[in-house]
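A.B. asks: From the sequence below, what's the structure:
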Amino acid sequence: MRIAVIGGHDRSEVALGAVARESGHELEFHPGHVGGRGANEIRRIVARADLVVVVTDVNSHGAVNVARGEARKHHHRVVYTKRFGTHQLERLLMAG
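C.D. replies: Here you go, the predicted model:
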């Protein structure tokens, strides 16, 4: 499964990716910046994903709206969460 994580701290990208790989999944991370090419990058990441996680606590409204719209367009499952780290990812993957 390909997981898109939109929003969060850049420093969590490596740890989240490692947890996903250990479970046989692929994770793409975007910090949620929509300036410049940011919105288009979010669209591309979400379009490729099977599951989209949108972190709302450290994300702009613009990034949330871009991710939500693209996920709806492609009928992807979306999880909204205030915070997201390795423990939350492990729980999400275990829940299926």
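A.B. asks: Helices of the chain, residue ranges please.
C.D. replies: Shown for the chain, the helices assigned by DSSP state H span residues 13-22, 38-48, 61-74, 86-95.
A.B. asks: Turn these into a markdown table, including distance to residue 30, mean neighbour count and mean pLDDT.
C.D. replies: In this view, the C-beta of every residue, glycine as well, is placed from N, C-alpha and C. Output for these, formatted as a markdown table (distance: least, Cβ to Cβ, whole Å; neighbours: other Cβ atoms under 10 Å; pLDDT from 0 to 100):
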| stretch | distance to residue 30 | mean neighbour count | mean pLDDT |
| --- | --- | --- | --- |
| helix 13-22 | 9 | 15 | 96 |
| helix 38-48 | 5 | 18 | 97 |
| helix 61-74 | 8 | 17 | 95 |
| helix 86-95 | 15 | 13 | 94 |
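A.B. asks: Any chance of JSON lines for those, columns distance to residue 7?
C.D. replies: Formatted as JSON lines, the helices of the chain follow (distance: least, Cβ to Cβ, whole Å):
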{"stretch": "helix 13-22", "distance to residue 7": "11"}
{"stretch": "helix 38-48", "distance to residue 7": "9"}
{"stretch": "helix 61-74", "distance to residue 7": "6"}
{"stretch": "helix 86-95", "distance to residue 7": "13"}
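A.B. asks: between the ones you listed, which one is nearest to residue 3?
C.D. replies: helix 13-22 (5.9 Å; Cβ to Cβ).
A.B. asks: Please save the CA atoms from the closest one in CSV.
C.D. replies: Extracted C-alpha coordinates of helix 13-22, given in CSV (Å, rounded to 0.1, in the frame of the first residue of the first chain):
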residue,chain,number,x,y,z
GLU,A,13,9.8,11.7,7.4
VAL,A,14,12.6,9.2,7.9
ALA,A,15,11.1,7.5,10.9
LEU,A,16,7.7,7.2,9.3
GLY,A,17,9.2,5.8,6.1
ALA,A,18,11.1,3.2,8.1
VAL,A,19,7.9,2.0,9.9
ALA,A,20,6.1,1.8,6.6
ARG,A,21,8.8,-0.2,4.9
GLU,A,22,9.1,-2.6,7.8
